[in-house]
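Student: quick one: sequence plus predicted model below, questions after.
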Amino acid sequence: MNSGILEAESLSRVYHPGTSSEVRALNGVSLVIPGGGYVVLAGPSGSGKTTLLSLLGALDRPTSGHVKFSDRKLEECSDVELARQRRRMGFVFQDFSLIPRLPVWENVTYPQIPRGLSAVKRRQAADGVLSRLGLAAKADVPPEELSGGEKQRVAVARALIGDPEVIFADEPTSNLDRRAATELAAILQEINAGGTTLVVSTHDTLLVESASRVFTLEDGRLVDEAA
Amino acid sequence: MSPLLSIARTGSAAILLSPLRSTVTVLAVVAVLVPYLVGIGMVEGLRQEARIAIGVGTPAGEELLPDLYVAANQFGRRVPIPLILAEAIGKFDGVTRVVPRIVGRITLGKDNVEAVLVGMPREELHRQGSTVQQLTRLVDGELPGSRHGEGPQLVIGSGLARKLNLEVGAVLPPIFRSDGGEKTPRVTGIFQSDISPWQSRMILTTFESAADIFGQQELATDLLVFCRRGQPEAIRSRILQSIPGPSTERATSLQPSVTSRTDLESLLPAGLGHREGVFNLLFVVAFAVGILVILVTSGFGRSGRRREIGVLKATGWQTDEILVRSLSESMLLGLASAAIAILVALVWLEWLNGFWIAGIFLTGVETQPAFQVPYVLAAQPAALAALVACLLVTTGSAYSTWRAAVTSPAEAMR
């Protein structure tokens, strides 16, 4: 197996093990994600795409198997080190996961608060990213006043703010109309063109077509890999 | 800016981000703190009133307040003291004067309203600079005994006046008979309402009228003994040793009981401390209930809060940073709650005059107190309230925050 920025080896995730509601969400998945690649995790609903994305992005711990990020095994990391690893990543969630009532620019720069950046510097950084995503005029409004497409672009801006090596996006177009989805696909392509690795879970053909590699999952197993 | 300060500042923002949760939490804490602050405030107020009444800090022999209070016991029980003892004590060296006093309970009106009747010698009521004289500056009307030859003259407390619908000049139905026949007392004055609770249901009259009303001639309930400076202890000993003596044969079976002002000062903390202890006990119970309430109220928006913590962790926040943010939020909520509770307690005591709540804490006080409820909101209970509020909110929210913070972000966001 070639070395990549992210590697999964025999990755399994079982929810509620040993109970009547046990769910084997992921079953022995191994894959390599090359640095700078645009990878799509495809498959029907319930196939384990989101679970795999969470494990690759250090949002969850596997029941068995390993995830390596830049040659560091994530399951061996302490809570503090995991937080440091997550700062090298960015996340775009299906439901945007923005903090209500908080102005857009604050939402975007919230991950930077524990780094002790002043409000002025955070605002400057936010303005830069928001301008790039065409949201400069919305910097001071709360997420409640934005359309779905705008919210998702704010989520992308938040993922970009820390200049991450990898961006994970979970079904980023599922809550968007076609026009907004096309705009987002273009933005993701542009980000990838800048050298950032993209890992996107989706069954949206618009995003699948843009990918450099597609991993297809079914019932928690990797059934196909296409370049 | 230091990272810690930056994180702490997000705590204040978090209060506004969850307005419902913040409001419910503040209301719960205020509901716990206000009764405590009001209760402790009234105890402090009563303590201050009592200290003034017994003249704490006034040097012995200053003539303003009695130095010794002499009563009589028989078979181990308090009984009236014959006036003949007043004469005997008055002859002791170092005694400047002895004032007999009658204090007794009577009922008035068809509703049998209870009142405390106090009878003092006319000359004492009118003595310039006496305690009674100072007290009567607060009277509407005139003092008992101002006009000679009339029936009993009474100054009544504002609570009684309101309850019995009496005004200055009103004539009370005959409440006693004497050798001279039926006598109709007249209200010559009413204590103003902004005086202590002791006077709200008090009736002040002359010693002679009180003796007539109770039908007890030549007797007093106690004697107020005024001494020269430095003499009270010696006089106290002499009273205990020589009363009753040869000149007081009629009172040979009585045992005098002498209470000095110092004794009263030492009894004061015990009496009020008991009440304060009850408040503190109630407060411990309220604190325990408060934690449960906060635990429940912290459930308002708990799923949203859990999700928010999940997002923070997903974007690189550490568990300890999330806990600092939550601690800062809890502290600010606690301080805000304490400030609001102090303000509400102040308004309740000052502007609403302890409406309803004074009746809960003070026995025999009506829903709308007829007197100015005494209170002192000192710095110590206010600081304690702030500390308790912070502890309450922190304890109530710490567990749920910690649980969410140590859970994997994927689980917290689910």
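Tutor: Now that the structure is in, tell me what you want to look at. All of these numbers come straight from a predicted model, not from anything done at the bench.

Student: quick check: B:A341 vs B:A386, distance?
Tutor: Here B:A341 is placed at a distance of 9 Å from B:A386 (CB to CB, to the nearest Å). Where C-beta positions appear, they are placed from N, C-alpha and C, glycine not excepted.

Student: more neighbours: which of the two?
Tutor: B:A341 (26 against 20; other CB atoms under 10 Å in any protein chain shown).

Student: let me see the contact set for the residue in the stretch 1-150 of chain B positioned nearest to chain A.
Tutor: Using CB to the nearest CB, the single residue of the stretch 1-150 of chain B nearest to chain A is B:P3, 3.7 Å away. Neighbouring residues of B:P3 by CB atoms under 8 Å, 6 or more residues apart in numbering or on different chains: A:113-116, B:321.

Student: from A:P114, how far off is it?
Tutor: Taken as CB to CB, the span from B:P3 to A:P114 is 5 Å.

Student: shared neighbours of those two, anything?
Tutor: What both B:P3 and A:P114 touch, as defined by CB under 8 Å, 6+ apart, is the set B:E321.

Student: okay, buried residues for stretch A:9-29 please.
Tutor: The neighbour-count check on stretch A:9-29 (16 or more other CB atoms under 10 Å in any protein chain shown) flags A:9, A:11-15, A:24-27, A:29 as buried.

Student: repeat that for stretch A:72-85.
Tutor: Those would be A:74, A:77, A:82-83, A:85, for stretch A:72-85 by 16+ other CB under 10 Å.

Student: which of those residues lies closest to chain B?
Tutor: Among the buried residues of stretch A:72-85, and counting by CB to the nearest CB, the member closest to chain B is A:A83, at 4.2 Å.

Student: in the stretch 201-350 of chain B, which spans are strands?
Tutor: Taking DSSP state E, counting those that start in this stretch to define them, one finds strands in the stretch 201-350 of chain B at B:202-206, B:219-220, B:222-227, B:255-260.

Student: by contact count, what packs against the third one?
Tutor: Here strand B:222-227 touches strand B:68-74, helix B:83-90, strand B:95-108, helix B:232-242, going by 3 or more CB pairs under 8 Å, 6 or more residues apart in numbering or on different chains; DSSP states H and E.

Student: give me that answer again for 10 Å
Tutor: Strand B:222-227 sits against strand B:68-74, strand B:81-82, helix B:83-90, strand B:95-108, helix B:232-242, strand B:255-260, with contacts defined as 3 or more CB pairs under 10 Å, 6 or more residues apart in numbering or on different chains; DSSP states H and E.

Student: give me the mean pLDDT for that strand.
Tutor: Mean per-residue pLDDT for strand B:222-227: 91.

Student: check the last one too.
Tutor: Confidence over strand B:255-260 (mean pLDDT, whole number) is 87.

Student: now the angle between strand B:222-227 and it, please.
Tutor: Strand B:255-260 runs at 50 degrees relative to strand B:222-227, counting by axes from the mean of the first three to the mean of the last three CA atoms, to 10 degrees.

Student: show me what counts as buried in strand B:255-260.
Tutor: B:256, B:258-260.

Student: okay, now the unreliable bits of the stretch 101-250 of chain B?
Tutor: B:129-139, B:147-150, B:174-183, B:193-199, B:244-250 (pLDDT under 70).

Student: contacts only, for the residue nearest the centre of chain A.
Tutor: With distances taken as CA atoms, centre = their mean, chain A has A:F168 as the residue nearest its mean C-alpha position (1.7 Å). Neighbour list for A:F168: A:6, A:39, A:41, A:53-54, A:56-59, A:89-93, A:159, A:197-201, B:314 [criterion: CB atoms under 10 Å, 6 or more residues apart in numbering or on different chains].

Student: so which of those are in helices?
Tutor: Residues of the contacts of A:F168 located in helices (DSSP state H): A:53-54, A:56, A:159, B:314.

Student: okay if I get the residues you listed as JSON lines plus pLDDT, neighbour count and distance to B:G94?
Tutor: Shown next, in JSON lines, are the ones in helices among the contacts of A:F168 (pLDDT from 0 to 100; neighbours: other CB atoms under 10 Å in any protein chain shown; distance: CB to CB, whole Å):
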{"residue": "A:L53", "pLDDT": "96", "neighbour count": "22", "distance to B:G94": "96"}
{"residue": "A:S54", "pLDDT": "96", "neighbour count": "27", "distance to B:G94": "92"}
{"residue": "A:L56", "pLDDT": "96", "neighbour count": "28", "distance to B:G94": "97"}
{"residue": "A:A159", "pLDDT": "95", "neighbour count": "26", "distance to B:G94": "92"}
{"residue": "B:A314", "pLDDT": "94", "neighbour count": "27", "distance to B:G94": "86"}
